[in-house]
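Student: please work out how this folds:
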Amino acid sequence: MNKLCFLIFVFLNASFSESYKILVSFPVPSKSHKILGDGVVRHLVKAGHEVTYITPYPANNPPSSLRQIDISSDVNAFPDVINLKAILQKEVNVRDWRQLFAIVTRVANGTLSNVNVQRLLNDPNETFDLFITEWFFTEVQIGIAAVYDCPYIWVSTVEPHWMITRLVDEYLHPAYNPDMLLGSSPPFSFYERVLQLTSQLMMTAIKVL
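Tutor: Predicted coordinates for the structure are as follows:
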């Protein structure tokens, strides 16, 4: 009887401790985004999963279950991207939608064309059970999940807003929900509601075009 109980315990324990192969990508060359990505990876590794991490800031002496895909060359390629000094000196206008989308598209394309990422994507022996990536004003990276035919998880650094909710459901109503780039707080005046709607329409058009 004791042996039977022991075997049942071992079987149940094994079924609840199954590890997965997880691909994580936090490509934005900014230390604040690195902190979030490192936190996600740290918990996955601690839980016993086998993690492959696409990052512009690879760590020294990573654990054996963590493989890093080094895209640090992107930091040199985009020295002014999300640069706090440039923002404070108004060299980069974070409220300029066209400039913002152009920057994040450059980062996303730079990541996908990186030689180390290309080597990973073109390896026919690579498989993953899950893809986790940061949403940062572009959905380009999500094509990686299709390459490996696996589910994916978005991670956002900001509060839920219409650009996030449209990925899983519908646009939030601009008359009641704040646009993160406008800085307004409800309840909105008529003028603010018009701005909210205009912002949503223009940003959608810019992304499509």
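Student: CA only for contacts and neighbour counts going forward, please
Tutor: OK.
Student: what sits against residue 197?
Tutor: Residues counted as contacts of residue 197 (Cα atoms under 8 Å, 6 or more residues apart in numbering) are 174, 175.
Student: so it, which state does it fall into?
Tutor: Under the three-state scheme (DSSP: H, G, I helix; E, B strand; the rest coil), residue 197 adopts helix.
Student: does the spatially most central residue of the chain count as helix, strand or coil?
Tutor: In the chain, the centroid-proximal residue (Cα atoms, centre = their mean) is residue 134; its distance is 0.6 Å. Here residue 134 is recorded as strand under three-state DSSP.
Student: do residue 68 as well
Tutor: Applying three-state DSSP: residue 68 is strand.
Student: so it is in contact with residue 55, correct?
Tutor: Yes: between residue 68 and residue 55 there is a contact under Cα atoms under 8 Å: 7.1 Å.
Student: the two: which is more packed in?
Tutor: Higher neighbour count among residue 68 and residue 55: residue 55, with 24 against 20, using other Cα atoms under 10 Å.
Student: check contacts around the more buried one.
Tutor: Residues in contact with residue 55 (Cα under 8 Å, 6+ apart) are 25, 26, 27, 34, 68, 69, 70, 71, 72.
Student: out of those, who has the most neighbours?
Tutor: residue 27 (28 neighbours).
Student: residue 19 belongs to a strand?
Tutor: No: residue state for residue 19 (three-state DSSP) corresponds to coil; a strand is not indicated.
Student: which ones are touching the residue nearest to it when sequence neighbours are not counted?
Tutor: Spatial nearest neighbour of residue 19, excluding adjacent residues (Cα to Cα, 6 or more residues apart in numbering): residue 49 at 4.7 Å. Going by Cα under 8 Å, 6+ apart, residue 49 touches 19, 20, 21, 22, 65.
Student: for the spatially closest residue to the last one that is not a sequence neighbour, name its beta-bridge partners.
Tutor: In this structure, residue 65 finds its nearest non-sequential neighbour in residue 50, 5.0 Å apart by Cα to Cα, 6+ apart. Using DSSP bridges, the bridge partners assigned to residue 50 are residue 21.
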